[in-house]
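Participant: Take a look and give me a structure for this.
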Amino acid sequence: MRSSERTDVAKIQRQLRILQGYAVVSALGFAIVLLTALKPADQKAKFSEIEVGRINIVEPNGKLRLTISNNAQSPGLEIGGKYYSAREGTRGAGFTFYNDEGDEDGGLAYHGKTEDGKTTAGGLFAFDQYGQDQIIGITYHQSQTRRVAGLQVWDRPEIPLAGIVAKVDTIEKLKDGPEKTEAMTKLQQEAVANGLTGATRVFVGRDDKDNATVILSDTKSKPRIIMSVDTSGAATLKFLDENGKVVDTLPHSAEENKKP
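Facilitator: Here you go, the predicted model:
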């Protein structure tokens, strides 16, 4: 074999060894990628920081149980197995809870801003009665310097909320105008008359006059007992009738104490 031929054979052998080495490295790389892709789905991932608009927490079967979202991506209402999109992007940033059947079950929402020199703010952390609206919650509302904050308990009817929500959704799809306004007003009046809106029964907190207050109301949301301590430290207990008239106050005034 001539010298030039031996040189060509040697070059070809070196090239084959390089190709073999490349093939081995490529195979190993592919195996690593494949194993990474096939790692168990329940393996934890760690992040030092994430930035998202919304997170959906779901069950293994895909059933939604919790959303964490900004205001723009806040969800609509899910009730009675039906989704209503009218309130999407308007509910404030926060959390929305869902029960085992996928219906909304309460949540946390909050907002606050000063616009044109006017301050408005608020927050609600509440749990819903099954098939109905919130039944207990911690609330905060502010308009300018007037603030109300406290624990509230509501009565809700046994009638599912889905029926009235469907009617509201139908009206909201109407073109803005007198017909829409009249239909919504009529529906609200019917709901109140039939006891579908529920009633505020208990408030424990701070009222808009800076009083520490406990209010116990009847099934029509009318206060019947008001216990309060004002900003001067004076404590009172008032009893009211169904028309809101005070029928007794403790402590009694000096004049009342003098009566036989």
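Participant: how many neighbours does Leu237 have?
Facilitator: When neighbours are defined as other Cβ atoms under 10 Å, Leu237 has 13 of them. C-beta here means a position set from N, CA and C on the backbone, and glycine is covered the same way.
Participant: What strands flank the helix or strand where it lies, and is each parallel or antiparallel?
Facilitator: Assigned by DSSP states H and E, Leu237 belongs to strand 235-240. Applying DSSP bridges to the sheet, strand 235-240 is found paired with strand 223-229 (antiparallel), strand 246-250 (antiparallel).
Participant: tell me the SS of Glu190?
Facilitator: Recorded secondary structure, Glu190: helix (DSSP: H, G, I helix; E, B strand; the rest coil).
Participant: now it: how far from Ile164?
Facilitator: 9 Å (Cβ to Cβ, to the nearest Å).
Participant: And for Asp248?
Facilitator: Asp248 is 38 Å from Ile164, by Cβ to Cβ.
Participant: Neighbour count: those two, which is higher?
Facilitator: Per other Cβ under 10 Å, whichever of Asp248 and Ile164 has more neighbours is Ile164, with 19 against 11.
Participant: can you pull the contacts of that one?
Facilitator: Leu187, Ala191, Leu196 (Cβ atoms under 8 Å, 6 or more residues apart in numbering).
Participant: what about it, which SS state?
Facilitator: helix.
Participant: any idea of the pLDDT on it?
Facilitator: pLDDT for Ile164: 87.
Participant: just to revisit the earlier point, buried set for the strand holding Leu237?
Facilitator: Lys238, Leu240 (16 or more other Cβ atoms under 10 Å).
Participant: Quick one: mean pLDDT over that strand.
Facilitator: For strand 235-240, the mean confidence score works out to 97.
Participant: Show me whatever sits in contact with both of Glu190 and Ile164.
Facilitator: Leu196.
Participant: among the strands paired with strand 235-240, which is the most enclosed?
Facilitator: Neighbour counts (mean count of other Cβ atoms under 10 Å) averaged over each of the strands paired with strand 235-240 peak at strand 223-229, with a mean of 16.
Participant: picking up where we left off before, how far does the strand holding Leu237 sit from the chain's center?
Facilitator: 35 Å (Cα atoms, centre = their mean, to the nearest Å).
Participant: swap in stretch 107-118?
Facilitator: 15 Å.
Participant: ok, residues contacting that stretch?
Facilitator: 71, 74, 91-97, 119-126, 142-144.
Participant: Show me where the stretch 51-200 of the chain has its strands.
Facilitator: With strands called from DSSP state E, counting those that start in this stretch, the stretch 51-200 of the chain shows them at 54-58, 64-69, 77-79, 82-84, 93-98, 104-115, 118-128, 134-143, 146-155, 199-206.
Participant: Out of those, indicate the one that is most buried.
Facilitator: strand 77-79 (a mean of 21).
Participant: Show me what it is packed against.
Facilitator: Here strand 77-79 touches strand 82-84, strand 104-115, helix 162-172, going by 3 or more Cβ pairs under 8 Å, 6 or more residues apart in numbering; DSSP states H and E.
Participant: Show me what the first one is packed up against.
Facilitator: To tie it back to what came earlier, the one meant is strand 82-84. Using 3+ Cβ pairs under 8 Å, 6+ apart, strand 82-84 sits against strand 77-79, helix 162-172.
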